Each structure stands twice: as C-alpha cells, then as structure tokens.
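Asker: the following comprises the amino acid sequence and a computationally predicted model.
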Amino acid sequence: MDMLRHSEWADTKLTLHLVSQIMGKLKLALAPQQPQWAHVTLPLTVRGFSTGPLFSGETLFEVEVDVFASVITVRIETDTTDIPLEIGTSIHTYYEAILEPLRAAGVTVAINPKSQEMRDTWWLDRDETPLAYDAVAAQKGVRLFQYAAREQAVFLAPLRCRKVMPALFWGTFDVSSLIVYNAHEPFSKDLVIEQAAFDEPMIEFGFWLGDASVDVPTFFVLPYPFQYTELPSERLQPAAAYFDASMSECFLSLEHAADEDVQSFFRTSFDLLSGQLGWEGCDHYFLPLQMPAQPKQEPTDESP
C-alpha cells in the first residue's frame, strides 16, 4: 500500500474531513439510532464515501463524495445534483450546496453546524475560509481508508460475536470497527459522545491518517474500559507493534505493516486486551465457519 504522510495532504484531508462532518450530521439527525453511534458512520464506496440511503419522511436521498470525479453528489429519488470539489471553495459554500437541493425537495433537517471532535472549531454553515483540494492526494487518502477497511473486515467478518463492521467515523476521520462484549459498562463522566460510545465493554480496531505530531498513518486497537497500565507488548506481533499505557492503545505504524502483519497485529492485540479485560468465551469467536472456502482470486493477464 502506497504511503501518504499527513504532511503531504493535510489541507486536502481537512477539506474532506469537513465535508464528511456535514454528511455525518445528516446521518446523526435521520438514521435510526444504534449503540456505539454505529448509525452515524459513513460507508466507504469504490470511489469515496457516502451517507448511504437516508429517509426524511417518505423521501429517500443520499450524499456521496467521489474523489475520482472530484465531486459531491446529492441524489434525491430520481434527481441528482453534482457539486465540484475544487480549490478555494469554503465549507460554507459546500454546506449550502448540499443542503439547498434537500430543502428544495422538502427535506427539513436541523443539524448542529459546529464541527465535532476536531482540534479546531469550524462553523460549517458560515466559515468562508478558502479550502484546498488536491484530487490525486484525495484519491490516495481514500485508497488508504479502503485498504484499512479491507484488513479490518478480513479479521472481523468470520468472528462469531457482536461487532460493528468497518466504516468512516467522521468525528475523528478514521476507519474503525468494533467487537462488543455483551455487558453493561457505563461511562463515568457526563460527556454526550462518550456516554453513548462507551457503555459496553468493547475493543476498537482502527486506522488513523495522522496529524501534525504523528505524520505516518497508523493502525490502532483500543480497549474499553480503558487500560492505563503497562501491558506486555512483547506479546504483540509484528515486532514493531506496541502498547502505550498513557493512551490505552496498541499501535502499528503503516510503514512497518505488510498485509500479514496487520492480521497478526489485530489478533495478538485482541488476545492481549480481551485477556486483560477478563472476557470469557472468546475462543468460540474463532471457530471456523462451516462454509466452502471461497476460490482465491488471482490477477489476470489483463490486470494492470
């Protein structure tokens, strides 16, 4: 997988993050609620990411970002509106361009225009700052998200447990998935997001694109309840993986991760953290599925 450092596309990443906030807030307002905020995640598509189908009354619509066409598409029943992703457009302009066709179709939805879980506060409905957009960088970033989602799905799909499959969490702009242990574990502080995100024991498998202090994209595995204690990192694979007690997370940098390393990282992190959390009956999760194996897909001579 091609490396894309945060510093190589930080401004374009910010643009996509802000647009994803508008899309995520539409899901927050309209999608049927699920535990751990699973209803607000944005599914990845072949060409970017989407709200998926949303109902407002009897009206069905979808908003999708296509980084290969550099366009945001609003689909309302049989009507389609395309909004160019381009240099210099403000998040206020994107906000109005997305909401206007919805209003015209009779979709009335109230969303909080303040950005959520971002380091800096943005007002989606009024900020006129010109934003960047580099189509090539956006495509590389989406490819990283797709790669991470595939690796998480390969690990999680066959497991016999309650889980949330990989999708884009627009608050933190990472691709994550969850294994949830069926028990009640309420969050101790009066924080709206966290009280719904962390009310059952869980292990999160995620992929983060980095920031100004961590330039390289990174896989992470996070337990809840959080474990701010030293754990034996030598149990983790590959050798470059480690557990950070100050953050209660296992980490594996993308620059040290071949495909087989990612699967080893997920499994050894799960074993370490589920044991630490005292989860029982987890061996059952890994019983093989009683299904014929899928044929291995090999590239053809015509493949690029």
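Answerer: Yep, it's here.
Asker: what about the stretch 201-304 of the chain, any weak spots by pLDDT?
Answerer: The stretch 201-304 of the chain contains residues with pLDDT under 70 at 299-304.
Asker: all helices for it, in order.
Answerer: 259-277 (DSSP state H, counting those that start in this stretch).
Asker: can you give me the strands in this structure?
Answerer: For the chain, the strands defined by DSSP state E occupy 48-50, 54-56, 59-66, 71-76, 79-84, 162-169, 174-180, 202-208, 218-224, 242-244, 249-253.
Asker: please tabulate those in a markdown table, including the columns distance to residue 297.
Answerer: Heads up, the C-betas are built off the backbone N, CA and C, glycines and all. Conversion of those to a markdown table gives the following (distance: least, CB to CB, whole Å):
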| stretch | distance to residue 297 |
| --- | --- |
| strand 48-50 | 23 |
| strand 54-56 | 33 |
| strand 59-66 | 25 |
| strand 71-76 | 29 |
| strand 79-84 | 33 |
| strand 162-169 | 20 |
| strand 174-180 | 22 |
| strand 202-208 | 23 |
| strand 218-224 | 24 |
| strand 242-244 | 34 |
| strand 249-253 | 26 |
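Asker: just say which of those is most tucked in.
Answerer: strand 48-50 (a mean of 25; mean count of other CB atoms under 10 Å).
Asker: helices and strands around that strand, which ones?
Answerer: helix 6-30, strand 59-66, helix 135-156 (3 or more CB pairs under 8 Å, 6 or more residues apart in numbering; DSSP states H and E).
Asker: could I get the pLDDT score of the nearest residue to residue 146 once chain neighbours are set aside?
Answerer: The shortest distance from residue 146 to any non-neighbouring residue, by CB to CB, 6 or more residues apart in numbering, is to residue 44 (5.7 Å). You'll see residue 44 listed with a pLDDT of 98.
Asker: pretty sure residue 44 contacts residue 176?
Answerer: No - using CB atoms under 8 Å, residue 44 makes no contact with residue 176, being 11.7 Å away.
Asker: where do the contact lists of the two overlap?
Answerer: 166-167 (CB atoms under 8 Å, 6 or more residues apart in numbering).
Asker: can you list the helices and strands packed on strand 48-50 in a markdown table and add distance to residue 106 and mean pLDDT?
Answerer: Below are the helices and strands packed on strand 48-50 laid out as a markdown table (distance: least, CB to CB, whole Å; pLDDT from 0 to 100):
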| stretch | distance to residue 106 | mean pLDDT |
| --- | --- | --- |
| helix 6-30 | 14 | 98 |
| strand 59-66 | 6 | 98 |
| helix 135-156 | 32 | 97 |
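Asker: give the contact list for the residue lying closest to residue 162 once chain neighbours are set aside.
Answerer: With sequence-adjacent residues excluded and distances taken as CB to CB, 6+ apart, residue 162 is closest to residue 180, at 4.7 Å. Residues in contact with residue 180 (CB under 8 Å, 6+ apart) are 35-36, 161-164, 200-202.
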